[in-house]
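[1] next come a sequence and a model predicted from it.
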Amino acid sequence: EESPANLGLNFAIGDQWKVLGRRGGFVFTTDYGSKWKGTKRDITIYNVGGDGELSFMHGYDLEQLVREVSLSAFLSGGLEWEDDSVSLTSMVVRSTDDMARQYEGYNGDLGDDIRVRRIRWVERMLVSNQLVGSHTIKDWHKLKLDWGYGVSLASRLEPDRVETRQDREGATDAWFLSDRPEGNQRVFSDLQDWVHSGRFDFELPYDQWAGEESKLKWGFSAYGKMREVDTRRYKFGDRGPLSSDETIAQMDPADIFVPEHIGVDGYQLTEVTLSTDSFTADHVILSGYLMTELPITNEVTLIAGLRMEGSEQVLETFKPFSPTLEKERADLTTYDVLPSFLLQYQLNPKMVLRGGYGRTISRPNFRELSPAVSIDLTGGRLRFGNPELDRAFIDSGDISWQWYLEAGEVVSVGAFYKYFTKPIETVVIPSAQLSVSYANAESAVNYGVEFDFRKNFSFIDVALRDLFLGGNVAWIQSNVNLSAEASTNTSK
């Protein structure tokens, strides 16, 4: 059976005006899309033996059909007057995935074939609003103030994921409802993310010792993210004689779990929610910075700054209706000072030599911190987070030469080097069933050289001045030093 054709619709409108010396305008767009995506693929899963060699474990043929429907709207409007402006941007994005999937094939744990079916419907929504403004206070030495506030809500709703597994009995060539824990399962999950952010940025022009115009910039920002994940798992467990009736067990799963088979004589719905399935998490970042743009000579300009950040990430698991259960908690609180500088040398009006250094950080996200366990395929890798993760530091240095031939044309050659302290890496944990988690490696380096260019064709004919040819070539080398506990390999 063929899937319906994909469909996409969009509409846009905008206008601008000028009233009482103030300029205003708006733009509104909306989009609708519906598309189908069918997938067929072979999946082979290997295990690592004690001698380090790969051994075959499972092999499946997978078929999947997904219908994706999306609806979005975007509205932006603003006002400008003299050296001031204010604008508001709002956005709503909603998408749904309706999926049916089946995979069938050999399972090494069973020693025979299995058939797993999943039906899932997921709704995702994002609502975002951002108010920003820019003002110049002429009486205060032309002090410029930029500010902004944003609030957004992201949600993911999975109201009833149904998954069933059947095992093949080779002697009779019959398929039976599996008595394994994943033999049947229904999952209900709800995720909500609230994000609030605000900032104030100031810019003050001043003259340095030779009268050259310089700039002093400083600012403050705050960011807060709150996430709540509530997941419940259920399965039909054996209760009475009907649940052990082989005639019923050989039926299609859709015909097994019907009212006449559910009750004290058959199957009973029980909760199998894990203690790590649900969690709450908060992340707060407070930061401030100070920087200057300072001409040293007519040819040399220095841009240097310092950023200070305080961050607190707290994640706590909970099991509904089990207040006495011990909770798993991740708490990562840090205070960091992050310097940076850029030195620019103007070789001539068309050539610039630049060199710089900067320190940044990379923090684990909630998924990487959460001990919640997920698995996509039977016999596949378990995936879970690590509450003990720490942030990573990235020290970067680069040097580059740019030659601006004409407007829009450039030739550039550069080299870069990055050193990572405690980078967050995905690691494989050898066990009866291979597991994937995250760990801080000892260190990593990333370095390379890069060449790129952009040239128009006006040298052939002036009519071709808007036709460009561009390209980029890079050589990059990376190396990660893993801790001995994180993996069977100590580097990669």
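    Nice, thanks for sending it over.

[2] helices along the stretch 101-250 of the chain, start to end?
    246-249 (DSSP state H, counting those that start in this stretch).

[3] what about the strands in it?
    For the stretch 101-250 of the chain, applying DSSP state E, counting those that start in this stretch gives strands covering 112-137, 143-169, 174-177, 184-207, 213-238.

[4] the stretch 301-450 of the chain too?
    Taking DSSP E, counting those that start in this stretch as the test, the strands found in the stretch 301-450 of the chain are 329-348, 351-362, 382-383, 392-403, 410-421, 424-429, 435-440, 443-456.

[5] mind checking how far residue 23 is from residue 75?
    18 Å (C-beta to C-beta, to the nearest Å). For every residue, glycine as well, the C-beta is placed using N, CA and C.

[6] and residue 17, by the same measure?
    16 Å.

[7] more neighbours, the two?
    residue 75 (15 against 9; other C-beta atoms under 10 Å).

[8] wait, doesn't the more buried one sit right on residue 87?
    No - applying C-beta atoms under 8 Å, one finds residue 75 not in contact with residue 87, separated by 11.0 Å.

[9] contact partners for residue 36?
    With contacts defined as C-beta atoms under 8 Å, 6 or more residues apart in numbering, residue 36 is in contact with 3-4, 6, 65-68.

[10] so which of these comes closest to residue 183?
    Ranked by distance to residue 183 (C-beta to C-beta), those are led by residue 65 at 23.4 Å.

[11] okay, and the closest one sits in which element?
    strand 54-81 (DSSP states H and E).

[12] in stretch 14-29, what's buried?
    Residues of stretch 14-29 classed as buried by neighbour count (16 or more other C-beta atoms under 10 Å): residue 24.

[13] how close does the residue nearest the centre of the chain get to residue 394?
    Nearest residue to the geometric centre of the chain (C-alpha atoms, centre = their mean): residue 365, 8.6 Å. Here the criterion is C-beta to C-beta. By it, residue 365 lies 16 Å from residue 394.

[14] give me the low-pLDDT residue ranges for the stretch 1-150 of the chain?
    1, 49-50, 52 (pLDDT under 70).

[15] partners of the residue lying closest to residue 299 once chain neighbours are set aside in the sheet?
    Among residues not flanking residue 299 along the chain, residue 346 sits closest, at 4.6 Å (C-beta to C-beta, 6 or more residues apart in numbering). Beta-bridge partners for residue 346, by DSSP bridges, are residue 352.

[16] and for residue 40, the neighbour number?
    Residue 40 - counted by other C-beta under 10 Å - has 9 other residues nearby.

[17] surely residue 127 meets residue 75?
    No - using C-beta under 8 Å, residue 127 is not in contact with residue 75; the gap is 11.9 Å.

[18] and for those two, which residues touch both?
    residue 91.

[19] and the closest residue to residue 361 other than its chain neighbours, what is it in contact with?
    Distance criterion C-beta to C-beta, 6+ apart; nearest residue to residue 361, sequence neighbours excluded, is residue 391 at 5.2 Å. Listed by C-beta under 8 Å, 6+ apart, the contact set of residue 391 reads 311, 332, 334, 336, 361-364, 422.

[20] quick one, grab the pLDDT at residue 391.
    Note on residue 391: pLDDT of 94.

[21] and if you look at residue 484?
    For residue 484, pLDDT reads 59.

[22] all further residue positions should be reported with the first residue as 165.
    Sounds good: first residue 165 from here, last item residue 648.

[23] neighbours of the residue nearest to residue 463, how many?
    Residue 510, neighbours per other C-beta under 10 Å, totals 14.

[24] so who does it touch?
    Taking C-beta under 8 Å, 6+ apart as the test, what residue 510 contacts is 462-465, 516.

[25] what do you get for residue 574?
    Residue 574 neighbours (C-beta under 8 Å, 6+ apart): 566-568, 616-618.

[26] likewise residue 311?
    296-298, 362-365.

[27] which of these sits closest to residue 441?
    In terms of C-beta to C-beta, no member of these lies closer to residue 441 than residue 362, at 33.2 Å.

[28] any idea how far residue 637 is from that closest one?
    Counting by C-beta to C-beta - residue 362 and residue 637 are separated by 42 Å.

[29] now do residue 447
    39 Å.

[30] neighbour-wise, which of these two wins?
    Neighbour comparison, residue 447 and residue 637: the larger count goes to residue 447, with 20 against 9 (by other C-beta under 10 Å).

[31] so the more buried one is in contact with residue 494, correct?
    No - here residue 447 lies out of contact with residue 494, judged by C-beta under 8 Å, at a distance of 11.0 Å.

[32] residue 432 - how many residues pack around it?
    By the criterion of other C-beta under 10 Å, residue 432 has 15 neighbours.

[33] then the one 10 residues further on?
    A count of neighbours around residue 442, defined by other C-beta under 10 Å, yields 22.

[34] mean confidence score for stretch 476-489?
    77.

[35] any low-confidence regions in the stretch 515-656 of the chain?
    In the predicted model, the stretch 515-656 of the chain carries pLDDT under 70 at residues 540-544, 594-598, 647-656.

[36] contacts only, for the residue nearest to residue 408 when sequence neighbours are not counted.
    Using C-beta to C-beta, 6+ apart and skipping residues adjacent in sequence, the residue nearest residue 408 is residue 402, 6.6 Å away. Counting by C-beta under 8 Å, 6+ apart, residue 402 touches 343, 408, 431.

[37] so how many other residues sit close to the residue nearest to the last one when sequence neighbours are not counted?
    Translated: residue 431. Leaving aside its chain neighbours, residue 431 sits nearest to residue 400 (4.0 Å; criterion: C-beta to C-beta, 6+ apart). For residue 400, the count of nearby residues is 22 (other C-beta under 10 Å).

[38] what of residue 477?
    By the measure other C-beta under 10 Å, the count of residues near residue 477 is 22.

[39] one more: residue 354?
    Neighbours of residue 354 (other C-beta under 10 Å): 15.

[40] how about residue 326?
    The burial count for residue 326: 16, using other C-beta under 10 Å.

[41] what sits against it?
    Contacts of residue 326 by C-beta under 8 Å, 6+ apart are 282-284, 349-350.

[42] ok, these vs residue 551, which is closest?
    Nearest member of the contacts of residue 326 to residue 551, counting by C-beta to C-beta, is residue 349, at 25.5 Å.

[43] what segments of the stretch 415-564 of the chain are helices?
    417-420, 530-533.

[44] now the first one: buried residues?
    Taking 16+ other C-beta under 10 Å as the neighbour-count basis, helix 417-420 is seen to contain the buried residues 417, 420.

[45] tell me what that helix is packed against?
    Using 3 or more C-beta pairs under 8 Å, 6 or more residues apart in numbering; DSSP states H and E, no helix or strand is in contact with helix 417-420.

[46] and it, average pLDDT?
    Confidence for helix 417-420, expressed as mean pLDDT, is 92.

[47] take it, keep the C-alpha atoms, and write them as PDB.
    Extracted C-alpha coordinates of helix 417-420, given in PDB (Å, rounded to 0.1, in the frame of the first residue of the first chain):
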ATOM      1  CA  PRO A 417      -1.100  -9.400  20.500                       C
ATOM      2  CA  ALA A 418      -4.000  -7.100  19.500                       C
ATOM      3  CA  ASP A 419      -6.400 -10.000  20.000                       C
ATOM      4  CA  ILE A 420      -4.800 -11.200  23.300                       C
END
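
[48] how far off centre is it?
    Averaging C-alpha positions (C-alpha atoms, centre = their mean, to the nearest Å) puts helix 417-420 37 Å from its chain's average.
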